[in-house]
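S.K.: build me a model from this:
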Amino acid sequence: MKTIRLTVGQALMKFLDNQYVEFDGVENKFIEGIFTIFGHGIVVGFGEALESYKGDIKIYQGRNEQGMAHAAIGYAKQKNRRKIIPCTSSIGPGALNMVTAAGTATANRIPLLLFPGDTFACRQPDPVLQQIEQPYNLNITANDAFKAVSKYWDRIVRPEQLISSMINAMRVLTDPAETGTVTICLSQDAEAEAYDYPIEFFKKRVHHIARRTPSKDEIIRAAEIIRSKKKPLLICGGGVTYSEAGEELLSFAEKFNIPIGETQAGKGIIDWNNSYNLGGIGVTGTKAANLAARDADVIIAVGTRLGDFTTSSKWAFQNEDVEIVSINVNSFDAYKMNSTAIVADARKGLKALKLLLTEYEYKSSYENWIYDLKEDWNKEVDRLYNIDSVNGFSQTRALGIINEFIDENVIVVGSAGSLPGDMQRVWRTKGYKNYHMEYGFSCMGYEICASLGVKIAEPAKEVYTMVGDGSYLMLHSELITSIQEGRKINVLLFDNNGYGCINNLQVDQGIPSFNTEFRYRNPETDRLDGDYIPIDFAKSAEGYGVKTFRATNSDELKEALIAAKNESKSTLIDIKVLPKSMTDGYESWWRVGVPEVSNYISVNSAYRKMEEELSKAKKF
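M.R.: Here you go, the predicted model:
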């Protein structure tokens, strides 16, 4: 057997540079680059390999380990999970900063490959700088924290372990059903040790992403249920996106006259103005989709994990005879809510089901009702887009201006706060995959960092970040990297003086506003209920080299959008909007942990209301 002597770090780079994926006959290189922040646990081991390697992998310099990992998630998500940017860090705090991003990737089923530095396998210098010691088990390090948020986890303590470890890592990363975070911990001494690796390990390796075919029995069972129903509803989830099954879903809807509700991950696949598309569904859904869900007697859930926001905490489907059919490549998701499962690729599942339902000459009983729902909701969005107030600038008015102004060939990115709810309800998507929302983890701080990854993935498109002031303050480090790399992103920062959506949730459940707004401490009450803290976000970003603008009304926002569009480097528009000017409600319910007893009459009333609504929700 021919071998080559390399360190673990050198072998890792050579291996990564020869990984490819094939999907529907199209082959792509899997690894585009690597994000890194050097520290003592990585810089002289794996870091030497990164510096000396002469292959086709670009090295990006991150600013915050969580931020760079979020950028990698944004990149992989925008690339439909067929290209990735791994991330490497030092040990201790550097590694642990990536745990949140690891959870974000796994919750959203996005491939993320992490190489956190680790302690010494030999233990000779223990405790090394930044090492966490557990006296009852010396095998435990800080990196064990990744186990709960990884789909595959391993620690390299001997050079030869890299072979089986990386083959398994690629197995998970390229599996549509099992993908998520893969964490390979690199012991400081092992990553620099040499081994005679077999040449075969570094040959071009193509990972074939196969479309899973549904079984005949699964299709028959599902079709029998659907043919007995009159009011079906399709749910378009993220699996439709990754399967590239949008055309098949729309064809299915048109063939059998079935309306569509969108999850956050599924939004943007079907044109917003299509008569069958009723928009977002669930807690942050439209009135049209939620009324259709309430009356539906069968839900056809395609590529969705049926999270609580999609199902309104399993409350949305009120018809006593409702049944659920799920098409999902992941069996764990396919069987949720007592569904009749079709464990298959979304496109293949829809095609097979369509064929049999066509033989049955199936058609829903809907006539003009779904079109009336759609028309009424369009009027409501027009109203929200044109709300004016003498007290200030409303958030929905700002969104309307932005939505109408920006071009079709742009991408909007978001994640947390009140904006995802407003976006799912009122944002009129323009073009395929131009709506990028992380809502599986709803991770504050994802927005700007992921926008950098999206821009690396789609360099020819303008990228707009939709972010609240709370999320901006949480994490915006990769703005610097966007300037460094010449990757322009446009940050639209909505400043409503705090954690607006959480303040709404707090107050709606009868609890007085408390620690959810950005206010000064009041010396009389010793609480944070003084005046609002005036923050000039534009000035802070200007110091990074970002071109900034301010907007407090419609005219200023329009002028800023025009000016930002003409800039060649990253921009930020500081948009001051009225607190509590976001959307709310629309025939949905969300279960939250309301106290059973309280000194507040309003909280006791909210608890009784919660119990009443809970009695209508499904228990499985």
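S.K.: so the residue lying closest to Gly307 once chain neighbours are set aside is in which element?
M.R.: Leaving out its chain neighbours, the residue that sits closest to Gly307 by Cβ to Cβ, 6 or more residues apart in numbering is Gly440, at 7.2 Å. C-beta coordinates here come from the backbone N, C-alpha and C atoms, glycine included. Take DSSP states H and E as the rule and Gly440 turns out to sit in neither a helix nor a strand.
S.K.: is it true that Gly440 touches Phe309?
M.R.: No. Look at Gly440 against Phe309 with Cβ atoms under 8 Å: they stay out of range, at 9.7 Å.
S.K.: convert the C-alpha atoms of the lowest-mean-pLDDT helix or strand in the chain to PDB, please.
M.R.: Lowest on mean pLDDT, DSSP states H and E among the helices and strands of the chain sits helix 500-508, with a mean of 92. Provided in PDB are the C-alpha atoms of helix 500-508 (Å, rounded to 0.1, in the frame of the first residue of the first chain):
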ATOM      1  CA  GLY A 500     -40.100  44.000  21.300                       C
ATOM      2  CA  CYS A 501     -41.700  40.600  20.500                       C
ATOM      3  CA  ILE A 502     -40.800  39.300  24.000                       C
ATOM      4  CA  ASN A 503     -42.200  42.400  25.600                       C
ATOM      5  CA  ASN A 504     -45.500  41.700  23.700                       C
ATOM      6  CA  LEU A 505     -45.500  38.100  24.900                       C
ATOM      7  CA  GLN A 506     -44.900  39.300  28.500                       C
ATOM      8  CA  VAL A 507     -47.600  41.900  28.500                       C
ATOM      9  CA  ASP A 508     -50.100  39.700  26.600                       C
END
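S.K.: gap between that helix and the chain center?
M.R.: For helix 500-508, the separation from the chain centroid amounts to 22 Å (computed by Cα atoms, centre = their mean, to the nearest Å).
S.K.: what sits up against it?
M.R.: Identification of contacts with helix 500-508 by Cβ atoms under 8 Å, 6 or more residues apart in numbering yields 417-418, 421, 468, 470, 512-514, 516-517, 579-580, 582, 584, 592, 606.
S.K.: make a ChimeraX selection of whichever of these turn out to be buried.
M.R.: Here the buried members of the contacts of helix 500-508 are turned into a ChimeraX selection, burial being counted by 16 or more other Cβ atoms under 10 Å:
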select :417,418,421,468,470,516,517,579,582,606
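S.K.: let me see the domain layout of the chain.
M.R.: Using automatic domain parsing, the domain ranges for the chain come out as 3-208, 216-369, 386-497+533-576.
S.K.: the strands in the stretch 51-200 of the chain, which residues?
M.R.: Applying DSSP state E, counting those that start in this stretch to the stretch 51-200 of the chain gives strands spanning 58-61, 87-89, 112-118, 152-156, 181-187, 194-198.
S.K.: one step back: of the contacts of helix 500-508, which belong to strands?
M.R.: Gly468 (DSSP state E).
S.K.: let's see which of the contacts of helix 500-508 end up in helices.
M.R.: Using DSSP state H, the subset of the contacts of helix 500-508 located in helices is 421, 470, 606.
S.K.: redo those as JSON lines? Include pLDDT.
M.R.: Output for these, formatted as JSON lines (pLDDT from 0 to 100):
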{"residue": "Gly421", "pLDDT": "96"}
{"residue": "Gly470", "pLDDT": "96"}
{"residue": "Ala606", "pLDDT": "94"}
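S.K.: could I get these as a markdown table with distance to Asp382?
M.R.: Below are these laid out as a markdown table (distance: Cβ to Cβ, whole Å):
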| residue | distance to Asp382 |
| --- | --- |
| Gly421 | 18 |
| Gly470 | 29 |
| Ala606 | 32 |
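S.K.: closest to Val149 among the residues you listed?
M.R.: Here the nearest of these to Val149, counting by Cβ to Cβ, is Gly470; it sits at 22.7 Å.
S.K.: can you tell me, leaving aside adjacent residues, what's nearest to the closest one?
M.R.: Tyr499 (4.6 Å).
S.K.: which ones are touching the one you found?
M.R.: Counting by Cβ under 8 Å, 6+ apart, Tyr499 makes contact with 417, 468, 470, 516-517.
S.K.: in the protein, which helix is the longest?
M.R.: Using DSSP H to define each element, the chain has its longest helix at helix 369-385.
S.K.: that one: what's the following helix or strand?
M.R.: helix 395-405.
S.K.: okay, buried residues for that next one please.
M.R.: 395-403.
S.K.: direction-wise, compare that helix with helix 500-508 and give the angle.
M.R.: 150 degrees (axes from the mean of the first three to the mean of the last three Cα atoms, to 10 degrees).
S.K.: what about helix 395-405, average pLDDT?
M.R.: Averaged over helix 395-405, pLDDT sits at 96.
S.K.: Leu583 and Gln424 touch, don't they?
M.R.: Heads up, residue 583 is Thr, not Leu. No. In this structure, Thr583 is not within contact of Gln424 by Cβ under 8 Å, at 9.3 Å.
S.K.: so between those two, which is more surrounded?
M.R.: More neighbours surround Gln424 than the other of Thr583 and Gln424, with 27 against 20 (other Cβ atoms under 10 Å).
S.K.: now do the contacts for that one.
M.R.: Per Cβ under 8 Å, 6+ apart, neighbours of Gln424: 262, 264, 267, 279-280, 284-285, 437.
S.K.: repeat for Glu254
M.R.: Tyr276.
S.K.: torsion angles phi and psi at it?
M.R.: Backbone torsions of Glu254, given as degrees, to the nearest 10, read phi -70, psi -40.
S.K.: same question, the one 5 residues further on
M.R.: Note on Pro259: its backbone torsions stand at phi -70, psi 160 [degrees, to the nearest 10].
S.K.: mind putting the domains of the chain into TSV with distance to Leu614?
M.R.: Shown next, in TSV, are the domains of the chain (distance: least, Cβ to Cβ, whole Å):
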stretch	distance to Leu614
domain 3-208	25
domain 216-369	8
domain 386-497+533-576	22
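S.K.: and of those, who's closest to Lys616?
M.R.: Lys616 lies closest, by Cβ to Cβ, to one member of these: domain 216-369, at 5.8 Å.
S.K.: can you tell me the helix or strand for the nearest residue to Asp376 once chain neighbours are set aside?
M.R.: Nearest non-adjacent residue to Asp376, counting by Cβ to Cβ, 6+ apart: Ala288, 6.8 Å away. Using DSSP H and E, Ala288 sits in helix 287-295.
S.K.: neighbouring contacts of that helix?
M.R.: Contact with helix 287-295 is made by 231, 233, 259, 261-262, 278-282, 285, 299, 312, 316-319, 370, 373-374, 376-377, 380, 586-588, as judged by Cβ under 8 Å, 6+ apart.
S.K.: may I see the buried residues of that helix?
M.R.: Here helix 287-295 shows 287-294 as buried, counting by 16+ other Cβ under 10 Å.
S.K.: for stretch 13-33, same thing?
M.R.: For stretch 13-33, the neighbour count (16+ other Cβ under 10 Å) marks 13-21, 23, 30-33 as buried.
S.K.: and what of stretch 539-558?
M.R.: 540-541, 544, 546-551, 554, 556-557.
S.K.: I appreciate the help and will end here.
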